[in-house]
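>>> with the input below, show me the fold.
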Amino acid sequence: MTYDRHWVLWDGECGFCRKTVHWLQSKDQHAAFQVIPYQEAPVPPMTAELRASCKNAVHVVTRDGQILKGGAACVFLLKVLGYPVPEALLKRAPFNLLLERGYRLIANNRRLVSRLVFRG
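Now for the predicted structure:
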């Protein structure tokens, strides 16, 4: 299945996620993303398997239907927004493992990270 835009599926109950999504939308000058809490996402692109996975990490369903999650989804979002990301490097071991561990570290401490990053 193909889509007009990339779907960003995030946890609508998470304050850190909400602030991050607001930042993402403010940078999305070309309307490349359809941003929606996974709890409200329609079928398709939502499936039962995808819904279960979205409870643990942000997901992107690309225009061509590829599903990315966690750190890989974040790298993709930054790349589409035009930020220089060493994507080829981050797809290789051990960097891909470090990326996902870094994502998990931030996700598991999102309240603290939110206070540090989104002051005011």
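>>> on the pLDDT front, check the spatially most central residue of the chain for me.
Computing the C-alpha centroid of the chain and ranking residues by C-alpha atoms, centre = their mean puts V58 first, at 4.1 Å. You'll see V58 listed with a pLDDT of 98.
>>> same check on the one 4 residues further on?
In the predicted model, T62 carries a pLDDT score of 98.
>>> residues contacting the residue nearest to the centre of the chain?
V8, L9, W10, D11, C17, K69, G70, A73, C74 (C-beta atoms under 8 Å, 6 or more residues apart in numbering). To be clear about C-beta, it is placed using only N, CA and C from the backbone, and glycine gets the same treatment.
>>> go on, V61?
By C-beta under 8 Å, 6+ apart, the contact list for V61 reads Y3, H6, W7, L9, P45, L50, I67.
>>> which residues touch the fifth one?
Same thing as P45. M1, Y3, W7, L9, V61, G65.
>>> the first one and R63 touch, don't they?
No: taking C-beta atoms under 8 Å as the definition, M1 is not a contact partner of R63, at 9.8 Å.
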